[in-house]
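Asker: Could you work out the structure for the sequence below:
(one chain, ligands or ions: 1)
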Amino acid sequence: MADPQAPDVVTMEKIVALCKRRGFIFPSSEIYGGVGSTYDYGHYGVLLKSNVKNEWWRSMLQERDDIVAIDSAILQHPRVWEASGHLEGFTDPLVDCKTCGKRFRADHLQDLECGRKPSKHPGETDECDLTEARDFNLMFETTIGPVKESGSAAYLRPETAQGIFINFKNVLQFSRKKPPFGIAQVGKSFRNEITPGNFIFRTREFEQMEMEFFVPPAEAQKWFEHWLGERERWYTSLGIRPERLRLRAHDADELSHYSSGTSDVEYLFPIGWSELEGIANRGDFDLSRHAEFSGQKLEYFDQASGERYIPHVIEPAAGADRATLAFLVDAYDEEVVEREGTGSGEVRTVLRLHPRLAPVKAAVLPLVNKDGQPELARELHRTLRAQVQSEYDDGGAIGKRYRRHDEIGTPFCLTVDHQSIEDRTVTLRDRDSLEQERLPIEGLAEEIVRRVNAPWSTPKLGVSAPTA
Ligand code: ATP
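Answerer: Next comes the predicted model:
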């Protein structure tokens with residue numbers, strides 16, 4: 001078990017190395033030397049991030065009656081970005097260093113490394129020669145159609161939210177919903193970040209999980225607080241340690257142009273407390289602007305009361321990649337265990353992921369590749385895979401296979417041995433406690449489903465933060 005007295009051993013370097021070694025996440029275009037801060041998800045990364053997104057959908061759709069889904073196009077009418085304020089205002093302040101030739105975000109200098117002396121921040125050494133800050137628009141521009149001419153400019157969406165606002169009328173007409181109700185979307189967004197970095201924390205192409213909750217204006221504050229609580233709870237219900245999570249309200253000078261109140265859910269990443277999700281009270285800014293720019297009425301008419309109003313919007317906006325990174329960081333653990341039969345210790349690396357997030361729920365391992373064990377193991381795997389993501393694994397010594405599954409976070413390893421052939425039982429090894437118990441094959445798939453969905457909390461609770 002994890003030792004709550006020990007400091008957390010996780011570092012970003014260890015996460016990056018494990019993700020590469022175990023096929024979660026690779027640097028993109030690696031055979032061509034890579035392309036700055038883009039990543040490709042491998043098999044286990046796809047499974048993990050899908051589970052994160054599915055849990056988000058579950059909390060938004062399955063567990064509530066007041067939210068519906070949408071999947072809008074990435075390319076939208078350019079006027080969308082005029083109305084939203086992105087064309088004019090979605091900028092970051094950029095400075096160039098004439099000495100090292102690198103570019104930096106002027107408001108992040110304290111977090112960045114000098115191009116010549118990485119131990120210093122840009123501007124900190126006498127040699128640094130920074131230009132005045134100028135605004136740089138983060139939207140990726142492209143053209144629609146074969147000819148680059150005026151009026152053909154289009155943008156890769158920098159957020160999924162606008163695709164929701166421009167569908168407000170459609171959803172209102174067809175979903176039989178009335179405020180308070182929400183529209184949820186998961187999808188890719190693109191930002192030409194000046195200084196991406198820290199692995200998948202900040203990339204130029206990423207996935208967002210956003211929900212716009214439309215409410216009567218007088219109820220906005222109440223719903224804002226509701227969503228602060230709900231979103232914090234979502235992370236802790238999936239195993240994130242509460243002491244690594246906090247809500248931070250934006251100061252007035254930090255607020256976006258549309259927001260009358262924003263709080264970030266922050267996580268204690270190895271790079272320090274950083275934004276995981278933003279929850280904003282956007283007022284009626286978006287619907288009013290799209291009504292103005294499109295000439296369409298975007299309001300709600302309550303037939304019962306005869307009242308007509310533009311709903312206010314509460315937006316919880318999360319990043320699927322950033323959440324995946326937080327779950328990986330929170331789960332990463334190392335502990336010394338006894339090497340079987342030797343009395344000496346070895347370090348076991350383990351991802352203590354919530355079983356619902358784990359890429360593989362159960363691995364079926366024949367102890368030896370003979371005596372009918374592979375056949376029985378395959379039979380069990382076939383039954384399991386109908387209900388959960390299961391993996392058949394007969395490659396290498398059993399200890400090595402356990403380590404492999406510890407590193408990808410498989411909560412249950414099921415070992416088929418000579419006794420299994422006689423009495424159709426297997427040993428179930430628990431990833432966290434390392435306890436082994438003997439269970440009948442009959443009904444095992446249902447038992448695994450039950451355990452995956454049972455309440456779970458990480459054994460890392462109380463493990464102290466690493467000292468910098
Ligand atoms: P930051 O201050 O980190 O740039 P933001 O406040 O601009 O983020 P939002 O516009 O509120 O971010 O986007 C909502 C969420 O989308 C963020 O909380 C984050 O999880 C995710 N996100 C935003 N930009 C990126 C990015 N470049 N790479 C990965 N995830 C991102």
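Asker: And the ligand, is stretch 182-197 touching that?
Answerer: Yes: Stretch 182-197 is in contact with the ligand by C-beta under 6 Å from any ligand atom, via 191, 193. (Glycine included, C-beta is placed from N, CA and C.)
Asker: Any buried residues in that stretch, and which?
Answerer: 182-187, 189-191, 193-196 (16 or more other C-beta atoms under 10 Å).
Asker: For the residue of the chain found nearest the ligand, list the residues it contacts.
Answerer: Nearest residue of the chain to the ligand: Gly319, at 2.5 Å (C-beta to the nearest ligand atom). Residues near Gly319 by C-beta atoms under 8 Å, 6 or more residues apart in numbering: 206-209, 276-277.
Asker: what subset of the residues you listed is also close to the ligand?
Answerer: Contacts with the ligand within these, counted by C-beta under 6 Å from any ligand atom: 206, 208, 276-277.
Asker: all helices for the stretch 351-468 of the chain, in order.
Answerer: Assigned by DSSP state H, counting those that start in this stretch, the stretch 351-468 of the chain shows helices spanning 373-385, 398-408, 418-423, 444-453.
Asker: ah, wrong one, I meant the stretch 51-200 of the chain
Answerer: Using DSSP H, counting those that start in this stretch, helices in the stretch 51-200 of the chain cover 78-84, 86-89, 161-165, 168-175.
Asker: Export those helices as a markdown table, with columns for distance to Ala362 and mean neighbour count.
Answerer: A markdown table is the format used below for these (distance: least, C-beta to C-beta, whole Å; neighbours: other C-beta atoms under 10 Å):
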| stretch | distance to Ala362 | mean neighbour count |
| --- | --- | --- |
| helix 78-84 | 45 | 19 |
| helix 86-89 | 45 | 15 |
| helix 161-165 | 37 | 23 |
| helix 168-175 | 38 | 16 |
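Asker: which one of those helices lies closest to Lys460?
Answerer: Distance to Lys460, taken as C-beta to C-beta, is lowest for helix 161-165 among these, at 33.9 Å.
Asker: Could you list every helix and strand that that closest one packs against?
Answerer: If contacts are counted by 3 or more C-beta pairs under 8 Å, 6 or more residues apart in numbering; DSSP states H and E, helix 161-165 sits against helix 78-84, strand 181-190, strand 205-215, helix 285-294.
Asker: Run the chain-centre distance for it.
Answerer: 20 Å (C-alpha atoms, centre = their mean, to the nearest Å).
Asker: likewise stretch 442-462?
Answerer: 22 Å.
Asker: what do you get for stretch 360-377?
Answerer: So, by C-alpha atoms, centre = their mean, the centroid of stretch 360-377 is 33 Å from its chain's centroid.
Asker: For it, buried residues please.
Answerer: 360-367, 373-374, 376-377.
Asker: Let me have the helices of the stretch 51-200 of the chain in CSV, adding mean pLDDT and distance to the ligand as columns.
Answerer: Listed next are the helices of the stretch 51-200 of the chain as CSV, based on pLDDT from 0 to 100; distance: least, C-beta to the nearest ligand atom, whole Å:
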stretch, mean pLDDT, distance to the ligand
helix 78-84, 96, 12
helix 86-89, 92, 11
helix 161-165, 98, 9
helix 168-175, 93, 20
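Asker: Can you redo the ones next to the ligand among the contacts of Gly319 as TSV, where the extra columns are neighbour count?
Answerer: TSV is the format used below for these (neighbours: other C-beta atoms under 10 Å):
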residue	neighbour count
Phe206	20
Gln208	21
Leu276	23
Glu277	24
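Asker: In JSON lines, list those residues along with pLDDT.
Answerer: JSON lines is the format used below for these (pLDDT from 0 to 100):
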{"residue": "Phe206", "pLDDT": "98"}
{"residue": "Gln208", "pLDDT": "98"}
{"residue": "Leu276", "pLDDT": "98"}
{"residue": "Glu277", "pLDDT": "98"}
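Asker: Go through those residues and name the one nearest Glu391.
Answerer: Phe206 (28.0 Å).
Asker: From what I see, the closest one and Ala317 are in contact.
Answerer: No: under the criterion of C-beta atoms under 8 Å, Phe206 makes no contact with Ala317, lying 11.8 Å away.
Asker: what's near enough to touch His312?
Answerer: 214-217, 219-220, 281-284.
Asker: Not counting sequence-adjacent ones, nearest residue to it?
Answerer: Leaving aside its chain neighbours, His312 sits nearest to Ala220 (4.2 Å; criterion: C-beta to C-beta, 6 or more residues apart in numbering).
Asker: Then Ile67?
Answerer: Per C-beta to C-beta, 6+ apart, closest to Ile67 is Gly182, 4.0 Å.
Asker: Pop the domain breakdown of the chain in here.
Answerer: 12-76+158-328, 360-453 (automatic domain parsing).
Asker: first to last residue in the last one, what's the distance?
Answerer: If I follow you right, that is domain 360-453. End-to-end distance of domain 360-453 (C-alpha to C-alpha, to the nearest Å): 14 Å.
Asker: Quick check: mean pLDDT of that domain?
Answerer: The average pLDDT within domain 360-453 is 97.
Asker: now swap in stretch 213-230 and tell me
Answerer: 97.
Asker: Does it reach the ligand?
Answerer: No: using C-beta under 6 Å from any ligand atom, we find that stretch 213-230 stays clear of the ligand, coming within 13.5 Å at best.
Asker: Return the set of buried residues in that stretch.
Answerer: Quick answer for stretch 213-230 (16+ other C-beta under 10 Å): 213-216, 220, 223-224, 227-228.
Asker: among these, which two are most distant?
Answerer: Pro216 and Leu228, at 18.9 Å, using C-beta to C-beta across the buried residues of stretch 213-230.
Asker: Would you agree Lys460 is in contact with Arg241?
Answerer: Yes: between Lys460 and Arg241 there is a contact under C-beta under 8 Å: 6.4 Å.
Asker: Residues in contact with both of the two, list them for me.
Answerer: Asp330.
Asker: bridging residues for Phe301?
Answerer: Beta-bridge pairing for Phe301 (DSSP bridges): Arg308.
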